[in-house]
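> what would the 3D arrangement of this be:
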Amino acid sequence: SHFVLELIYIHGVEKYEFGTAWAHFGIAAQDIYPIVEKVRQLGGVVTREPGTNVGGSQVYAFVQDPNGYSFELLQQGPTPQPLNHFELHVTDLNRSISFYEKALGMNLLLKYDSPQDQYTIAMVGYGTDRTQTVYIELKYNYNVTEYSAGNTYVHATIGTNDVYKSAAAVALVTQELGGEIVSPPGLNPVTHTKTTSFLDPDGRKIVLVDNEDYLKEIKNHGQ
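Numbers count the residues shown, from 1 in each chain. Have a look, this model is predicted:
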């Protein structure tokens, strides 16, 4: 399986509110300069031209697609998946790290503080190296205690080999750290895929989907 973006068009809806809780998606490439130019040609907006921070070595840029969704472009060596992370804004970084570690079995891959920019970032994911896995970037902005959800981003989906055991683990963690199960584990009558969904402590919706069922679902839809 691999990281994909699911785009949904709701008939009759002409505008969405982005909110401030979801930040951006990240794409890694060996040369981001032609990507930036392609975005520009296709009607996107370059919000930060390619370059490094003062004293830094990481070349990156920020762009928006025509609908306003934000993407961070990272120039780095080959990665298993070009679409390699997404960033969430959180109000309690340590709580969020603990939640994703305990509820979803992720590891803390990197954590760094930037006092001059007034934020701290933690990257969580599976494995031990963020260059070899899709990861979630959790960002705590100093003194920000609330974010607006908006209605543009719907949910993130993660595969599991046992939806029921995973849901039970999440339910236990929500009692300690917050969040809640919003859809108990069970079989979707339309797709015949076992799923469950929950909210993290900051209210973002996460869906867990049975790996084997999902592969069958994709095959049945001819994808």
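> where does pLDDT dip in this structure?
Low-confidence segments of the chain (pLDDT under 70): 1-2, 222-223.
> residue nearest the centroid of it?
The centroid of the chain falls nearest to Phe86 when counting by CA atoms, centre = their mean (3.4 Å).
> quick check, that one in contact with His24.
Yes - using CB atoms under 8 Å, Phe86 is in contact with His24, at 7.0 Å. From N, CA and C alone the C-beta is placed, and that goes for glycine too.
> mind listing what the closest residue to Ala156 other than its chain neighbours touches?
Nearest residue to Ala156 in three dimensions, chain neighbours excluded: Ile206, at 5.4 Å (CB to CB, 6 or more residues apart in numbering). The contact partners of Ile206, by CB atoms under 8 Å, 6 or more residues apart in numbering, come to Leu104, His155, Ala156, Thr157, Ile158, Ser197, Phe198, Leu199, Asp200.
> touching, the fifth one and Leu104? I think so.
Yes - under the criterion of CB under 8 Å, Ile158 makes contact with Leu104 at 6.5 Å.
> okay, these two: which has more neighbours?
Each of Ile158 and Leu104 has its neighbours counted (other CB atoms under 10 Å); Leu104 has more, 21 against 17.
> which helix in the chain has the most residues?
helix 163-177 (DSSP state H).
> from the rest of the structure, what touches that helix?
95, 98-99, 102-104, 160, 179-181, 184-185, 194-196, 198, 201, 208-210.
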